[in-house]
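A.B. asks: Structure, please.
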Amino acid sequence: MPVDRHPGISGLLEDRKRERARSYREFVEMWEGLRNGGFFEALEELAAHPPPGSDRQ
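C.D. replies: The predicted structure follows:
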């Protein structure tokens with residue numbers, strides 16, 4: 001970000017808003033990929049059936 005374009009606190013705030021939006025879009029893409037790939041169903045299945053020899057019933 002050029003310093004002369006967005007100086008000071010207001011520039012920092014704008015930069016953080018843009019970064020937060022970019023980061024959220026990236027998170028949503030990852031989440032949708034996990035969901036579409038069946039990750040959560042597989043995780044639920046694994047959690048429902050503990051491994052042999054564990055103390056969970």
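
A.B. asks: Mind naming the longest helix for the protein?
C.D. replies: Counting residues, the longest helix found in the chain (DSSP state H) is helix 8-36.

A.B. asks: The residue positioned nearest the centre of the chain and residue 48, how far apart?
C.D. replies: With the centre of the chain defined as its mean C-alpha position, the nearest residue by Cα atoms, centre = their mean is residue 27, 3.5 Å away. Residue 27 sits at a distance of 26 Å from residue 48 (criterion: Cβ to Cβ, to the nearest Å). Bear in mind the C-beta positions are built from the backbone N, C-alpha and C, glycine included.

A.B. asks: confidence score at residue 26?
C.D. replies: We have a pLDDT of 99 for residue 26.

A.B. asks: Count the neighbours of it for me.
C.D. replies: 10 (other Cβ atoms under 10 Å).

A.B. asks: what does residue 40 give?
C.D. replies: 11.

A.B. asks: same thing with residue 14?
C.D. replies: Residue 14, neighbours per other Cβ under 10 Å, totals 13.

A.B. asks: Quick check: pLDDT value at it.
C.D. replies: pLDDT, residue 14: 94.

A.B. asks: any idea how far it is from residue 23?
C.D. replies: Residue 14 is 15 Å from residue 23, by Cβ to Cβ.

A.B. asks: Any regions of the chain where pLDDT drops low?
C.D. replies: 1-6, 56-57 (pLDDT under 70).

A.B. asks: Name the residue most distant from the centre of it?
C.D. replies: residue 53 (33.3 Å).

A.B. asks: Just say helix, strand or coil for that residue.
C.D. replies: coil (DSSP: H, G, I helix; E, B strand; the rest coil).

A.B. asks: so residue 40 sits right up against residue 34, yeah?
C.D. replies: Yes - the criterion here is Cβ atoms under 8 Å, and residue 40 meets it with residue 34 at 6.7 Å.

A.B. asks: how close does residue 46 sit to residue 54?
C.D. replies: Residue 46 is 12 Å from residue 54, by Cβ to Cβ.
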